[in-house]
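*Asks:* Task: produce atomic coordinates for the following.
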Amino acid sequence: MQPISSAAVVQTQNIGKDVQIAEFAVIRPDVTIGNDVVIHPHVVIESGVILGDGVEVFPGAYIGKEPKGAGALARKPEFEKRVVIGANSSIGPNAVIFYDVEIGENTLLGDGASIREKCRIGSRCIISRYVTINYNATVGDRTKIMDLTHVTGNCRIGNDVFISLTVGMVNDNAIGKMDYDETRVQGPVIEDGAAIGAGATLLPGVVIGRNAIVGAGAVVTKNVEANTLVMGTPARFVRKLGEEYGS
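*Replies:* Below you'll find the model as predicted:
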């Protein structure tokens, strides 16, 4: 791939050394691109985006999408027109990153993943294929979220957490029947070192304690204490966990 294709639309001057930009990529004004960045074909990067050194953006990704409610949202989106992607991170094909998102260094965003506004993702994370992270969510360092999982709005996820595939999280006990109120609409809190099994469902506001494990398919309706294993529907205490699980 030649350094900057003549078939790309590049409207910024803030480009580092040894950058590659492929054909049909669109780079708007006021984008900052670090050294050794690779941007593949058909990528769109809007104004206000900052790419750190060594970032790679794969075909079809869209970075800097503006949240718009189309008159249908119960809440009004609030955001800053800025995205920061840390050094050596990888943005997969057809991923969508909205404005007001920060992603740390060495983080992998999988194919088709979507991150909404006001989200903060740590360093050395894996956000796998088709994961959706809704507004105002935080994810700590070294956390892994597997394919097709949904992280709801106003959710907090700590460091060194593992969330398996097809996990669902929700933040509204009224199931959309009441007006939006951020003091009421709160997602789960998943503390450092916890693990969530495949297909589990976490209901609004539950706290998954440090190093706890939620079994596959469990429906968590109340808080889970640190260093415990819960399973079932609804999830029930099974046993305490020993040192082999990080306690």
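*Asks:* Could you chop this protein up by domain?
*Replies:* 1-126, 137-247 (automatic domain parsing).
*Asks:* Show the low-confidence segments of this protein, by residue range.
*Replies:* Within the chain, the segments meeting pLDDT under 70 span 1-2, 243-247.
*Asks:* can you list the domains of the chain in JSON lines and add mean neighbour count?
*Replies:* From N, CA and C alone the C-beta is placed, and that goes for glycine too. Shown next, in JSON lines, are the domains of the chain (neighbours: other Cβ atoms under 10 Å):
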{"stretch": "domain 1-126", "mean neighbour count": "18"}
{"stretch": "domain 137-247", "mean neighbour count": "19"}
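*Asks:* where's M231 relative to S123, distance?
*Replies:* 32 Å (Cβ to Cβ, to the nearest Å).
*Asks:* Now V83. Nearest residue, chain neighbours left out?
*Replies:* With sequence-adjacent residues excluded and distances taken as Cβ to Cβ, 6 or more residues apart in numbering, V83 is closest to V49, at 4.5 Å.
*Asks:* which residues touch A95?
*Replies:* By Cβ atoms under 8 Å, 6 or more residues apart in numbering, the residues touching A95 are 58, 61-62, 109-115.
*Asks:* now swap in G69 and tell me
*Replies:* G69 makes contact with 75-77, according to Cβ under 8 Å, 6+ apart.
*Asks:* out of those, who's nearest I175?
*Replies:* R75 (15.4 Å; Cβ to Cβ).
*Asks:* now the end-to-end length of stretch 113-122.
*Replies:* 16 Å (Cα to Cα, to the nearest Å).
*Asks:* Pull the residues that contact that stretch.
*Replies:* In contact with stretch 113-122 (Cβ under 8 Å, 6+ apart) are residues 67, 77-79, 92, 95-104, 107, 109, 127-143, 153, 159.
*Asks:* at 6 Å what do you get?
*Replies:* 67, 77, 79, 95-104, 127, 131-141 (Cβ atoms under 6 Å, 6 or more residues apart in numbering).
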